[in-house]
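Engineer: The following block contains a protein sequence and its predicted model.
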Amino acid sequence: MNLDTRQTGRLDLRDLIILTIVICLFFTFMLGNRPLSVPDEGRYVEIPREMVATGDYLTPRVNGVKYFEKPVLFYWLEALSIKLFGLNEFTLRLWPALFALFGCLAVAVAGARLFGRLTGLLSATILATSLLYYGFSRAIILDMPVSILLTLALLSFLIGTHAAPGWKRRIILWAFYAFSALAVLTKGLIGIVIPGMVIGAWIMLLGEWRLIKTLYLPSGLALFLLIAAPWHIMVNSVNPEFFHFYFIQEHFLRYLTKMHSRYHPAWFFIPVVLLGLFPWSVFLIQAIKHSVPSTWRERHEHRDAVFLMLWAGLVFLFFSASSSKLVPYMLPVFPPLALLIGRYLAAAWDRFDFPGVIAGYSVFLVASLLLSAAFVCLPYYWPAPSEADLLGAYPYTFTMTLAVGGLAAWALARYRNFRHAFIALTITAILFLLQVNAAAPRLDAKSVKDLSLTLKAQLKPGDEVASYQEYYQDLPVYLERRITVVDWRGELAFGTTVEDTTGWMTNSDVFWKRWKETAPIYLLMKIEKYEELIKHTDCKLFPIARNTRTILLSNHEVKP
């Protein structure tokens, strides 16, 4: 008998409390153990830092330059953290971790309502321990917040369609419109394009056009506009250049063209999903097969599973068709896939011979052994052997965890029962992810936090700090001030064309004239550029400190 029909019931308060505590501890453990990653984390902290410093919460700016690539909601949340807790890595990463937690809880609640309590619990566990989801729960980027807001929106819609007409249904569907609007405020038009695409395809596939009349469209759209429209209207009224850059260039041209040089082949996201969903991707094919209706007429009986498959499939195809592809774009497919896999594993929970389970654990064992071999060989094929040495013993702990865990999970599934195998697989995933997180700071060599703190200790209010032919995204964050940028525009190019930024976005000729003056100037540049520069410049360059990639200089001698 299918577990979906015999195991019903929702999560109780104790379930939610335990899930919240366990997942929260998992996501926040060692959350502040590394400097801000660049460029993304530095950028998405600098914008709210400047909002707090200037009091302008309307126009996003990076290093004092207008920056309209993304909307404002996440910046506001990070600004709140800065106001409350100041600038430290743990609290700055707290919002992505909290969104990841909300996503797991939403999957747990929705899975329980739609398919049974066990499905909800398993789905939350699967989502929390997936490699990519866990990784981006610890990164200050917009993709985790927008993915969870889309998840909340789509799950609200799906659950709302099950509710009887009345205020309960109305409130749940209003939540769908509200979460979609918040997604728009987080990362733009995908906040409405993705829900519209998934829901439209689902209604079309089921042929239930009458459902549209029960979605409270007039009041829902009014709520959506009330949330999403005001900031867009106000920022455009203050910045007339906003509309073309934000809507035309950053939405349509970004999707349709290769303007950002992020082109990858159409199959790019296949390994991203398989590796990102690891270790649970070993059950992905079985879960989809388990959810696909056996006949066309049965699609109505599997309407919820069909919705989840459309959600994951259409998002995957939408971004695969784009000319701009980045790994985090796949985050929105993980919640529906976790629900599908959780539903499949729940059906197998009390069975010894459920189709595909042993095969899944066999694939996990093979994948674990292959990864273990790769980690053992890591020092021999790493492009920079000195960087591989920084990992120390971690490749061997990775190997032991995966090899032992893979063998234990397979043996338990083969000779004991599914429950013990699932626990072994979950423990293996948790231990592996915690080790990866602990090892990550050793390879994060692009940050200039160390040089920033060295410099900050001796900076005076009138001193100038500059970067040469490079913009270090975390430098103004750690220094808590705007810096001069020499011979670099990059992603700030548009902002420099709409207002005068020549005072700090400058060129070499102007800068080196200032360098020869008596006012103290500090300069950061790549070490190889410094070694080339000293061969042909007559400027005095006094080294202060350096790390593996970057050197800190001054135009005057600094006493230790």
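Structural biologist: Yep, that arrived. These figures come from a predicted structure and were not determined experimentally.
Engineer: Show the backbone phi and psi for I141.
Structural biologist: Note on I141: its backbone torsions stand at phi -140, psi 170 [degrees, to the nearest 10].
Engineer: Could you verify my assumption that it touches L326?
Structural biologist: No - counting by Cβ atoms under 8 Å, I141 does not reach L326; the two are 9.7 Å apart. Using the backbone N, CA and C atoms, a C-beta is placed for each residue, glycine as well.
Engineer: okay, those two: which has more neighbours?
Structural biologist: Higher neighbour count among I141 and L326: I141, with 20 against 17, using other Cβ atoms under 10 Å.
Engineer: so what pLDDT did the more buried one get?
Structural biologist: You'll see I141 listed with a pLDDT of 96.
Engineer: again with the one 10 residues further on
Structural biologist: In the predicted model, T151 carries a pLDDT score of 98.
Engineer: if you skip the residues just before and after it, what's nearest to it?
Structural biologist: Ranked by Cβ to Cβ, 6 or more residues apart in numbering and with sequence neighbours excluded, the top spatial neighbour of T151 is P335, at 4.4 Å.
Engineer: my guess is that neighbour contacts S147, does it?
Structural biologist: Yes - applying Cβ under 8 Å, one finds P335 in contact with S147, separated by 7.5 Å.
Engineer: list the residues that contact both of those two?
Structural biologist: Common neighbours of P335 and S147, counting by Cβ atoms under 8 Å, 6 or more residues apart in numbering, are G103.
Engineer: my read: P328 touches G135, true?
Structural biologist: No - counting by Cβ under 8 Å, P328 does not reach G135; the two are 9.4 Å apart.
Engineer: In which helix or strand does Q435 reside?
Structural biologist: Element membership for Q435 (DSSP states H and E) is helix 418-443.
Engineer: Now that helix: average pLDDT?
Structural biologist: Mean predicted lDDT for helix 418-443 stands at 92.
Engineer: Tell me the helices and strands packed up against it.
Structural biologist: Judged by 3 or more Cβ pairs under 8 Å, 6 or more residues apart in numbering; DSSP states H and E, helix 418-443 is in contact with helix 131-136, helix 357-376, helix 394-415.
Engineer: so how far is the following helix or strand past the second one from its chain's centroid?
Structural biologist: To tie it back to what came earlier, the one meant is helix 357-376. Using DSSP H and E, the helix or strand that follows helix 357-376 in sequence is helix 378-381. Distance of helix 378-381 from its chain centroid, counting by Cα atoms, centre = their mean, to the nearest Å, is 28 Å.
Engineer: Report the separation between the closest residue to L378 other than its chain neighbours and S37.
Structural biologist: Among residues not flanking L378 along the chain, P395 sits closest, at 4.7 Å (Cβ to Cβ, 6+ apart). Relative to S37, P395 is positioned 21 Å away (Cβ to Cβ, to the nearest Å).
Engineer: next one: P355
Structural biologist: Distance from P355 to S37, by Cβ to Cβ: 42 Å.
Engineer: and the two? which has more neighbours close in?
Structural biologist: Just comparing P355 and S37: by other Cβ under 10 Å the higher neighbour count belongs to S37, 19 against 13.
Engineer: What about the nearest residue to V327 once chain neighbours are set aside, how many residues nearby?
Structural biologist: Leaving aside its chain neighbours, V327 sits nearest to V272 (5.5 Å; criterion: Cβ to Cβ, 6+ apart). Neighbours of V272 under the rule other Cβ under 10 Å: 21.
Engineer: Show the contacting residues for V272.
Structural biologist: The contact partners of V272, taken as Cβ under 8 Å, 6+ apart, are 132, 327, 330.
Engineer: just K187 next, same as before
Structural biologist: Under the criterion of Cβ under 8 Å, 6+ apart, the contact list for K187 reads 70-71, 142-143, 145-146.
Engineer: now P328
Structural biologist: Taking Cβ under 8 Å, 6+ apart, we find P328 in contact with 136, 141, 143-144.
Engineer: Turn those residues into a markdown table, columns for distance to T518.
Structural biologist: Output for those, formatted as a markdown table (distance: Cβ to Cβ, whole Å):
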| residue | distance to T518 |
| --- | --- |
| F136 | 48 |
| I141 | 42 |
| D143 | 47 |
| M144 | 48 |
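Engineer: about what we covered before: what's whichever strand or helix holds the residue nearest to T151 packed up against?
Structural biologist: Assigned by DSSP H and E, P335 belongs to helix 334-347. Applying 3+ Cβ pairs under 8 Å, 6+ apart, one finds that helix 334-347 makes contact with helix 3-6, helix 94-115, helix 117-128, helix 143-160, helix 284-291, helix 303-320.
Engineer: now with 6 Å?
Structural biologist: Packing partners of helix 334-347 (3 or more Cβ pairs under 6 Å, 6 or more residues apart in numbering; DSSP states H and E): helix 94-115, helix 117-128, helix 284-291, helix 303-320.
Engineer: got the contact list for the second one?
Structural biologist: With contact meaning Cβ atoms under 6 Å, 6 or more residues apart in numbering, helix 117-128 is reached by 7, 9, 11, 19, 23, 104, 107-108, 111-112, 133, 280, 338-339, 341-343, 345-346, 426.
Engineer: Would you mind checking the average pLDDT for that helix?
Structural biologist: On average, the pLDDT along helix 117-128 is 97.
Engineer: mind listing what's buried in the helix holding P335?
Structural biologist: Within helix 334-347, the residues scored as buried using 16 or more other Cβ atoms under 10 Å are 334-347.
Engineer: between it and helix 357-376, how big is the angle?
Structural biologist: Helix 334-347 runs at 130 degrees relative to helix 357-376, counting by axes from the mean of the first three to the mean of the last three Cα atoms, to 10 degrees.
Engineer: List of residues touching helix 334-347?
Structural biologist: 3, 103, 107, 111, 115, 118-119, 122-123, 126-127, 130, 133, 151, 280, 283, 286-287, 290-291, 308, 311-312.
Engineer: among those residues, which ones are buried?
Structural biologist: 3, 103, 107, 111, 115, 118-119, 122-123, 126-127, 130, 133, 151, 280, 283, 286-287, 290-291, 308, 311-312.
Engineer: surely K325 meets H264?
Structural biologist: Yes - here K325 reaches H264: they are 4.4 Å apart, a contact under Cβ atoms under 6 Å.
Engineer: With neighbour numbers in mind, choose between those two.
Structural biologist: The residue with more neighbours, out of K325 and H264, is K325; 18 against 15, by other Cβ under 10 Å.
Engineer: Can you check what pLDDT the model gives the more buried one?
Structural biologist: We note a pLDDT of 88 for K325 in this prediction.
Engineer: residue ranges with poor pLDDT in the stretch 201-350 of the chain?
Structural biologist: 255-263 (pLDDT under 70).
Engineer: Tabulate the helices and strands packed on helix 418-443 (TSV), appending distance to G55 and mean pLDDT.
Structural biologist: Below are these laid out as TSV (distance: least, Cβ to Cβ, whole Å; pLDDT from 0 to 100):
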stretch	distance to G55	mean pLDDT
helix 131-136	31	97
helix 357-376	49	93
helix 394-415	44	93
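Engineer: Reformat those helices as TSV; add distance to V448.
Structural biologist: Converted to TSV, these look like this (distance: least, Cβ to Cβ, whole Å):
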stretch	distance to V448
helix 131-136	23
helix 357-376	29
helix 394-415	24
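Engineer: So for E517, which of those helices sits nearest?
Structural biologist: The minimum distance between E517 and the helices and strands packed on helix 418-443 falls on helix 131-136, with 45.5 Å, by Cβ to Cβ.
Engineer: helices and strands around that closest one, which ones?
Structural biologist: Short answer (3+ Cβ pairs under 6 Å, 6+ apart): helix 131-136 packs on no helix or strand.
Engineer: could I have it exported to PDB, CA atoms only?
Structural biologist: Output in PDB follows, covering the C-alpha atoms of helix 131-136 (Å, rounded to 0.1, in the frame of the first residue of the first chain):
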ATOM      1  CA  LEU A 131      25.800  20.000  -1.100                       C
ATOM      2  CA  LEU A 132      24.800  23.100  -3.100                       C
ATOM      3  CA  TYR A 133      22.000  24.100  -0.800                       C
ATOM      4  CA  TYR A 134      24.200  23.900   2.300                       C
ATOM      5  CA  GLY A 135      27.000  25.800   0.500                       C
ATOM      6  CA  PHE A 136      24.900  28.700  -0.400                       C
END
